[in-house]
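Asks: Any chance you could fold what I've pasted below:
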Amino acid sequence: MAQKGRLIVGISGASGVWLGLRALDACRDLGVESHLVMSKSAALTLAQEANLTPADVAARADVVHKVGDVGASIASGSFRTRGMIIAPCSVRTMSEIATGVTSSLLTRAADVVLKEGRRLVLMVRETPLHLGHLRTMTALAEMGAVIAPPMPAFYAKPQSIEEMVDQSVGRALDGFGLDWAPVKRWGEDLKAIRSEG
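Replies: Model prediction:
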């Protein structure tokens with residue numbers, strides 16, 4: 001295992017593919033072994049939002065698992081990891097995890113993380129949310145998942161979309177005990193920002 005452990009990074013087909021890409025970059029920066037699994041629809045989002053191919057994304061990961069390979073290492077609880085982040089997480093992916101009726105390695109790996117009592121962070125990308133979405137999120141929270149929609153931290157005075165993405169990803173990674181440099185922290189880094197403003 002890598003010095004700082006392993007993290008499963010899932011990318012679904014929801015909008016916000018840069019969240020997953022930067023999560024992979026963060027793992028590399030932090031010396032965490034990344035295990036990537038992408039849904040089939042993520043390839044469409046990659047092309048539309050980032051002009052990238054699945055091969056481009058795979059190059060950012062340490063290990064890549066095919067979404068149809070339900071016999072992969074990350075499908076077993078005996079394979080130790082820090083947990084899993086799904087960034088972005090579609091409502092379909094979220095719903096499969098909540099029901100335990102998993103149809104791919106992406107949702108199977110998330111189910112395993114939950115059953116093993118490890119951290120599962122879902123960066124759900126949907127708005128507005130209807131009652132069914134909210135009930136599904138409640139069920140997942142009761143199971144131990146962390147629902148972490150990417151919300152811009154305006155107090156950090158971001159100068160670009162990239163800074164907003166990095167702040168959201170970094171705050172999600174905090175849940176795994178990972179401290180990524182781009183995150184601006186209230187009461188620490190932000191003292192300087194407030195005094196400049």
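Asks: Only C-alpha atoms from now on, for both contacts and neighbour counts.
Replies: Fine.
Asks: give me the low-pLDDT residue ranges for the protein?
Replies: Where the chain drops to pLDDT under 70, the residues are 1-3, 190-197.
Asks: Apply 90 and report the result again.
Replies: 1-4, 187-197 (pLDDT under 90).
Asks: what about the strands in the chain?
Replies: With DSSP state E applied, the chain shows strands at 6-11, 33-38, 63-65, 83-89, 119-124, 146-147, listed in chain order.
Asks: Is it possible to get CSV of those that adds mean neighbour count and distance to Gln48?
Replies: Listed next are these as CSV, based on neighbours: other C-alpha atoms under 10 Å; distance: least, C-alpha to C-alpha, whole Å:
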stretch, mean neighbour count, distance to Gln48
strand 6-11, 28, 15
strand 33-38, 25, 15
strand 63-65, 17, 22
strand 83-89, 29, 15
strand 119-124, 24, 19
strand 146-147, 18, 25
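Asks: need the ones you listed in a markdown table with distance to Asp166, can you?
Replies: Output for the strands of the chain, formatted as a markdown table (distance: least, C-alpha to C-alpha, whole Å):
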| stretch | distance to Asp166 |
| --- | --- |
| strand 6-11 | 15 |
| strand 33-38 | 17 |
| strand 63-65 | 22 |
| strand 83-89 | 12 |
| strand 119-124 | 13 |
| strand 146-147 | 17 |
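Asks: for these, which one sits closest to Gly175?
Replies: For Gly175, the closest of the strands of the chain is strand 119-124, at 7.5 Å, according to C-alpha to C-alpha.
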